[in-house]
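Trainee: Quick one: sequence plus predicted model below, questions after.
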Amino acid sequence: MPDWLLNLDVAVFRLINHDWRNAFFDAGMTALSKDPLFWGLLVGTGLIYFYTKRRFDWRRLWLPLLALGLSLGTADMVSNICKESLERPRPQHRLSGVHFFDGKKWTSTPEDFQGRASRSYSFFSNHAANSMALAATLAVMAPQAAPLVYPLSAAVGYSRVYLGKHYPSDVLCGWLAGWLIGTLYGGLYRRCRSWLDARGREKAPRLTLVDGRPAPDGRPAPAARRSAGGRVLPGLPVRGLRAKEARRRAAPD
């Protein structure tokens, strides 16, 4: 990384981590970085059905869950590979005066801090990549959810800089990687969903209407054909509850 870009990265990091510190963010950013992905997955799955206004069906739930799981797993794997390959130390292991949360309390690295060995690395942020991958996948599945899921991912990424875990460039690259991965899996989901819906329409039973009522077996009954006033209409695909209701009405009393 060029020196000017590295200096800019450190300057923005200190602005977020030190200059903009406050008690409200100390509590909020800590909570936001703990387990946002699990809850985001649950909330996001519900949003898919809420915003698309589809009748909830557990049989349709496996495909969005699969797409979200693959998106999350791929983003996490890619970010871990980059971390182990590049081995960029975290700010709290390299810089002095870093305000960070050690898991129990807030503390800061001393002003004469010379750095220490790091067992985990900084580039790029798993939290940023994973949250953005979920957000992008959900935004493709249900575009109406984008105004909610993208700000959530942005808040997660910001919290990683505030907590002293990552430089801003780590978060930006994590967002970019997560967005690409999430958009890919979201697009695959939509193609698979369209294919499955098309197959369902092809296999849907066809009911023929006689005098506005469906024949029991989907075809006009012999008596109906001989009826002078009977009207026979072409069969149309009827699925789910509509098909059950149509058969119930067609059954003899």
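Mentor: That came through fine.

Trainee: Give the residue spans of the stretch 151-253 of the chain that score low on pLDDT.
Mentor: 202-253 (pLDDT under 70).

Trainee: mind listing what the spatially closest residue to Phe13 that is not a sequence neighbour touches?
Mentor: Among residues not flanking Phe13 along the chain, Tyr167 sits closest, at 5.3 Å (Cβ to Cβ, 6 or more residues apart in numbering). (C-beta placed from N, C-alpha, C; glycine too.) Residues in contact with Tyr167 (Cβ atoms under 8 Å, 6 or more residues apart in numbering) are 9-10, 13, 91, 122-123, 161.

Trainee: residue ranges of the helices in the chain, please?
Mentor: Secondary structure of the chain (DSSP state H): helices located at 3-14, 23-32, 36-52, 62-86, 126-141, 146-162, 168-203, 222-226, 240-250.

Trainee: Who are the packing partners of the fifth one?
Mentor: The elements that helix 126-141 packs onto, with contact taken as 3 or more Cβ pairs under 8 Å, 6 or more residues apart in numbering; DSSP states H and E, are helix 36-52, helix 62-86, helix 146-162, helix 168-203.

Trainee: Mean neighbour count added to those helices, as CSV?
Mentor: As requested, these are arranged in CSV below (neighbours: other Cβ atoms under 10 Å):
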stretch, mean neighbour count
helix 36-52, 16
helix 62-86, 17
helix 146-162, 20
helix 168-203, 18
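
Trainee: Compare the ones you listed and give me the one nearest Gly103.
Mentor: helix 146-162 (14.7 Å; Cβ to Cβ).

Trainee: can you give me the angle that closest one makes with helix 168-203?
Mentor: Counting by axes from the mean of the first three to the mean of the last three Cα atoms, to 10 degrees, helix 146-162 lies at 150 degrees to helix 168-203.

Trainee: Does anything pack onto helix 146-162? Which helices or strands?
Mentor: By 3+ Cβ pairs under 8 Å, 6+ apart, helix 146-162 packs against helix 23-32, helix 36-52, helix 126-141, helix 168-203.

Trainee: For Leu148, find the nearest of the ones you listed.
Mentor: helix 36-52 (7.1 Å).

Trainee: out of the contacts of Tyr167, what pair is the most spread apart?
Mentor: Of all pairs drawn from these, the one with the longest distance (Cβ to Cβ) is Val10 and Phe123, at 13.9 Å.
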